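J.: What follows is a predicted protein model with its sequence.
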Protein chains: 2
Amino acid sequence: MTPETTDAAAGRAATSLLTDQYELTMLQAALRDGTAMRASVFETFARRLPDGRRYGVTAGTGRLLDALAGFRFGEAELADLRERRIVDDVTLAWLADYRFSGDIWGYAEGEVYFPGSPLVIVEAPFAEAVVLETLVLSILNHDSAIAAAASRMTAAADDRPCIEMGSRRTHEWAAVAAARAAYVAGFATTSNLEAGRRYGVPTAGTSAHAFTLLHDDERAAFQSQVDALGVGTTLLVDTYDVPTAVALAVEVAGPELGGVRLDSGDLLQQAREVRAQLDSLGATKTRIVVTSDLDEFAIAGLQAGPVDGYGVGTQLVTGSGAPTAGLVYKLVARENAAGELQAVAKKSKDKASVGGRKYALRRRDSRGVAEAELIGIGRPPVDDGDDRTLLVPLIRDGERVFHGDLADARERHAASRAELPPTAAQLSRGEPVIPTIYQS
Amino acid sequence: MTPETTDAAAGRAATSLLTDQYELTMLQAALRDGTAMRASVFETFARRLPDGRRYGVTAGTGRLLDALAGFRFGEAELADLRERRIVDDVTLAWLADYRFSGDIWGYAEGEVYFPGSPLVIVEAPFAEAVVLETLVLSILNHDSAIAAAASRMTAAADDRPCIEMGSRRTHEWAAVAAARAAYVAGFATTSNLEAGRRYGVPTAGTSAHAFTLLHDDERAAFQSQVDALGVGTTLLVDTYDVPTAVALAVEVAGPELGGVRLDSGDLLQQAREVRAQLDSLGATKTRIVVTSDLDEFAIAGLQAGPVDGYGVGTQLVTGSGAPTAGLVYKLVARENAAGELQAVAKKSKDKASVGGRKYALRRRDSRGVAEAELIGIGRPPVDDGDDRTLLVPLIRDGERVFHGDLADARERHAASRAELPPTAAQLSRGEPVIPTIYQS
């Protein structure tokens, strides 16, 4: 173990080349023509939610703030850009001194969002802000997609815990971020050890089929696991025949056995049969955990059965049909030749944007139920007491000012989701649960 | 820039905690009961291809070999596992000395595959092999999913270049791997600078709408870009009105203008109109690049138009509907109490596996066209000259013996795909283009 390795694992890798080349070629041209230092406002928002979704979930903000701290062009990065002739020497010199000096506002992590919600607003000279586009979007698009799927799953599971176990079905570092995002959206634990180490997400895990197959028979495997991990462990009972395994599990561990796991077949029917069998054996407190390509719909269906926990893998880490949040990062205002800040917007067919520095409020009725996402240009109207301000300062004059942690984000998400009308929890396809209203 | 950052960016981060907790709890139990050192064979395969796909593409093998070199439990990792009480002291001591000492065979990167193809075979004591499960699967599931989608896109695009530009729509490090996998499957370039630096993938990029909006008018933006990047650059012509922008682009750059990019609207119709306009202005060699949520189906449709290049983003990095390859890692054989290697397989409903150490051959007819994926246990039959051996040694006695590079993988994919029956290129849903035959 070298110190380098430790530092890398702590997240201090350079992030500046996690960037599309055109950010730097635009920078080069702007440095040359004198527009690079024009004051600019970039906005991150979703034109729409993924098909049929009722709300989005802001996630990745904490990771973004960490990543921005590593957004520096060091010798290795500059040498590469020089050797591959990506940009000219003037641009390289500018990048060598790069420090973000502007302001960033955003929805706090965990907050729900809707079409048009300005999730991140970057206010800085064009040159400083444009180069952040790819990194901002990569982090928020991934983490928000996972959190949105996770939120539907935890809503469907109600008070039954959801366990994140999808690491093997996604990129090895995306897996760590996915475990973190799932935790923001209410998952209880993850299988991913690095997510435990790096972010403090509680981890869990006991055994796979390979462990049973390693042994000469199921009894030897169960006995070994109980000896090593205690009777509170969860035994996997579907390697061969489920009823035989359940009987054996209780025989080996006794009625204090912590849990059994089912990973195949008709989970609802099996859960009922296994519950009856466990109860008949006196193992009335032994929990039944089910896994096997679960998604929010399968969870909703299993709520009718005696299930004590849901392990979710593939569908969680792939966003349950919506693997990216579709967020974009658009220039909405910039200084003109006269030095005045001016709203700008492209007019591309089907991709028009709304110019101007936005404010955002969640309008709530007198009982505190969300009614609308209010978005406007300039200063927000005077608060009537029921509107909630959504944009918080994340970075001011280049310094991080937001220090909310993962536990905060998790609480915030629970509160933000609880504020939505009950139809937010419907899994069927529909419209966003509250409308986005542009105020003028 | 600290040296740590450079090393992290070079990929030397510790990878040992990119692992599911149950790999380590199984290890602890096996160390305790004496089965940990049983010789074992684990196999990575897909039970099926994603819905309707004709073939899979092996990708990530090179990244996996790099990652295995960093699979060490150093002080930071051990301290974390100790503090969080994930495993006991005996297990921690064993992990501290962890070095993989076994053999790994696999399909070479770029090779196509089918249901049941043994993409990676790990032969080692159970303890050494079981802990690699999550990392092996994360890397291959992600990269193979991207490469499979990319291969369909490059097949649809025929000799027109595909440009990977999806970084912003996926996790920031998954983006780097996606650019690499797309290159294996025939993409010409990527927008991702880190993929260029780390893997030598050719990079490309010029400007976004923000650059046009930054300037007081479109003419100023075009003039600036041409001044900075030369007349060979590609100008984005859909920020306001396309015909006006095309005329302006040729006026500013002259008929030697390298290219124009269309990013919205009806791309086929617009490409035709723009081609006619460019030709009428004498810019007969100016290329038309189109981007805007393209996938393999959109590319196939645009082949009828005068398009010179396809920029693909979201659909590439999300696997065009199949964001994970669904590969699993299963114990298929292990030493028994008598010291003999014995085939094992679970009998779980709908998830049964086939025990035994496999061989794999691609059967070809006399003209070299693939006919079947032959999989059997033990030694392969004597080659009749038309069968091609698919498993190559990757690691032997713990040492990496496979050193094929990314260019090799790209060539291998092209050759492997070319060997398939022509129906492999059909985009409609169907069965795998050749059957998998288990030989006995």
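T.: Cool, the structure landed.

J.: At which residues are the helices of the stretch 51-200 of chain A located?
T.: A:61-69, A:75-83, A:89-96, A:126-130, A:133-157, A:172-184, A:193-199 (DSSP state H, counting those that start in this stretch).

J.: any residue of the third one up close to chain B?
T.: Read that as helix A:89-96. No - residues of helix A:89-96 contacting chain B under Cβ under 8 Å from any Cβ of the partner chain: none, with a closest distance of 9.1 Å. The C-beta positions use only the backbone N, C-alpha and C, and glycine is treated the same way.

J.: Would you mark the buried spots in that helix?
T.: Buried residues in helix A:89-96, counted by 16 or more other Cβ atoms under 10 Å in any protein chain shown: A:91-92, A:94-95.

J.: can you give me how far stretch A:52-59 is from the chain middle?
T.: 11 Å (Cα atoms, centre = their mean, to the nearest Å).

J.: where's the closest residue to chain B within the stretch 151-300 of chain A, which helix or strand?
T.: At 3.2 Å from chain B, A:Gly205 is the closest residue in the stretch 151-300 of chain A, using Cβ to the nearest Cβ. Per DSSP states H and E, A:Gly205 falls between elements, in no helix or strand.

J.: mind giving me the domain ranges of chain A?
T.: A:3-131+A:326-356+A:388-434, A:157-320 (automatic domain parsing).

J.: Make a markdown table out of the helices of the stretch 51-200 of chain A and add mean pLDDT.
T.: Putting those into a markdown table (pLDDT from 0 to 100) gives the following:
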| stretch | mean pLDDT |
| --- | --- |
| helix A:61-69 | 97 |
| helix A:75-83 | 97 |
| helix A:89-96 | 98 |
| helix A:126-130 | 98 |
| helix A:133-157 | 98 |
| helix A:172-184 | 98 |
| helix A:193-199 | 97 |
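
J.: Distance to B:Ala155 added to those helices, as CSV?
T.: Listed next are the helices of the stretch 51-200 of chain A as CSV, based on distance: least, Cβ to Cβ, whole Å:
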stretch, distance to B:Ala155
helix A:61-69, 36
helix A:75-83, 32
helix A:89-96, 37
helix A:126-130, 35
helix A:133-157, 27
helix A:172-184, 27
helix A:193-199, 36
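
J.: Ok, which of the ones you listed comes nearest B:Asp216?
T.: Of all the helices of the stretch 51-200 of chain A, helix A:126-130 sits nearest to B:Asp216, with 13.1 Å by Cβ to Cβ.

J.: Would that closest one count as contacting chain B?
T.: Yes - applying Cβ under 8 Å from any Cβ, one finds helix A:126-130 touching chain B at A:126, A:130.

J.: Which residues does that helix contact?
T.: Helix A:126-130 has contacts (Cβ atoms under 8 Å, 6 or more residues apart in numbering or on different chains) with A:23, A:26-27, A:30-31, A:35-40, A:42, A:94, A:98, A:100-102, A:122-123, A:331, A:334, B:210-211, B:214.

J.: which residue packs closest to the residue most central in space within chain A, ignoring adjacent ones?
T.: Central residue of chain A (Cα atoms, centre = their mean): A:Asp143, 2.7 Å from the mean position. Distance criterion Cβ to Cβ, 6 or more residues apart in numbering or on different chains; nearest residue to A:Asp143, sequence neighbours excluded, is A:Gly60 at 3.0 Å.

J.: Equivalent analysis for A:Ala204, please.
T.: Spatial nearest neighbour of A:Ala204, excluding adjacent residues (Cβ to Cβ, 6+ apart): A:Thr189 at 4.1 Å.

J.: So what pairs up with the one you found in the strands?
T.: Residues in a beta bridge with A:Thr189, per DSSP bridges, are A:Ile163.
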